[in-house]
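Novice: coordinates only, no sequence provided:
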């Protein structure tokens, strides 16, 4: 029998509920936010956002459909049945078209989209700013500058370019961090310094293009647009390796990003080592964005768009990493499919399409942020 009547005002007061019932089950019911479910197994439990799970499932289904369409559509159409046969390793007359020409390119696009999506989510979480992404704050420009320098002057082999990109992205991020730090890392200063570093690194990249071999410089220009043309398993291998190694770190990041979104005073009061958490999240995002850039070139605005789309779909307080990763992969796959077919037989670089969509979105986001802040810079 309850201690108060169902219509008693005391029943609507959480503090009174805590005083009346302190059992673990009641505590679990009290702290569970609306729209969440608790999965229990033994002594362990996991808080799950229902809408985020539903969105992730829908995105996975859409991504699977986009993969099949991508492999079917081309200069010659391949039936979905034959595509499935090739994916399952069964004999098929379309093995050359699907398995050799289209599938390796698709794999690179999928992996790069996943990496860009997670990287953007982590950087935006740390900066607490939707304008922050690896391609806006200079990370991909640093990766691009280092890669173009290596290509133009023949410093390393092409198989080592993804690792050169990681080094360039880390160097650019360190440069932004040094110039943006002033008794703390203010979000707006972090973004503005990153934009300035991006411009400087872009100029440096153009300098490398003029000083290197002409033929290699032309190849580097194509690479700078962000293209999946001629990409294959050689580029996918290091990207897949980094993503697999980053899975444990991503699981940690999914929990740590809640604390990283707090302001400094709140984090200190809760006992969160905010500097270490932000450093870890930023480092993970930089590595993922840099290695993806090394594999595909700087495919701009995917890391900016994917986290914001995922957050608006899930309506969560924090950017969901899984939904952001799936959104990034879906954006890259669909954009590359359109780049291949819109102006056939001419193939556009995938970065051209993502930039065509992402640049207007960035301008809208800046205008929206300025209007909310009363006309001041974001």
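Specialist: Okay, I see it. This one's a predicted model, so the numbers in the text were calculated from it and none came from an experiment.

Novice: the closest residue to residue 315 other than its chain neighbours: neighbour count?
Specialist: Leaving aside its chain neighbours, residue 315 sits nearest to residue 51 (6.1 Å; criterion: CB to CB, 6 or more residues apart in numbering). Yep, even glycine has a C-beta here, placed from its N, CA and C like the rest. By the criterion of other CB atoms under 10 Å, residue 51 has 15 neighbours.

Novice: make sure residue 51 is actually in contact with residue 312.
Specialist: No - counting by CB atoms under 8 Å, residue 51 does not reach residue 312; the two are 11.4 Å apart.

Novice: in contact with the closest residue to residue 138 other than its chain neighbours, which residues are there?
Specialist: In space, and not counting its chain neighbours, residue 138 is closest to residue 197: 3.8 Å by CB to CB, 6+ apart. For residue 197, the contact set (CB atoms under 8 Å, 6 or more residues apart in numbering) comprises 137-138, 141-142, 172, 175-176, 179.

Novice: between the residues you listed, which is nearest residue 98?
Specialist: residue 141 (35.2 Å; CB to CB).

Novice: mean confidence for whichever helix or strand residue 167 is part of?
Specialist: Per DSSP states H and E, residue 167 falls inside helix 161-180. Averaging pLDDT along helix 161-180 gives 84.

Novice: give me the angle between the next helix or strand after it and helix 161-180.
Specialist: Using DSSP H and E, the next helix or strand after helix 161-180 towards the C-terminus is helix 187-211. Angle, helix 187-211 to helix 161-180, by axes from the mean of the first three to the mean of the last three CA atoms, to 10 degrees: 130 degrees.

Novice: list the buried residues of helix 187-211.
Specialist: 187-194, 197-198, 200-202, 204-205, 208-209 (16 or more other CB atoms under 10 Å).

Novice: picking that back up, quick one, grab the pLDDT at the residue nearest to residue 138.
Specialist: 89.

Novice: distance of it relative to residue 207?
Specialist: Using CB to CB, to the nearest Å, residue 197 is found at 15 Å from residue 207.

Novice: measure residue 368 to residue 362 for me?
Specialist: Residue 368 is 11 Å from residue 362, by CB to CB.

Novice: the more surrounded of these two?
Specialist: Neighbours were counted for residue 368 and for residue 362 using other CB under 10 Å; residue 362 has more, 20 against 12.

Novice: low pLDDT regions in the chain?
Specialist: Scanning the chain for pLDDT under 70 picks out 1-49, 158, 183-187, 259-271, 365-366, 369-378.

Novice: list the contacts for the residue minimising distance to the centre of it?
Specialist: With distances taken as CA atoms, centre = their mean, residue 117 lies nearest the centre of the chain, 1.6 Å away. With contact taken as CB under 8 Å, 6+ apart, residue 117 is in contact with 302-303, 306-307, 310, 324-329.

Novice: now intersect those with the strands, please.
Specialist: Per DSSP state E, strands hold no members of these.

Novice: all the strands of this protein, residue numbers only.
Specialist: 36-41, 44-49.

Novice: ok, residues contacting stretch 144-154?
Specialist: Contacts for stretch 144-154 (CB under 8 Å, 6+ apart): 155-156, 158, 160-161, 164-165, 167-169, 171-172, 201-202, 204-205, 208-209, 211-213, 216-217, 219-220, 223-224, 293-294, 297-298.
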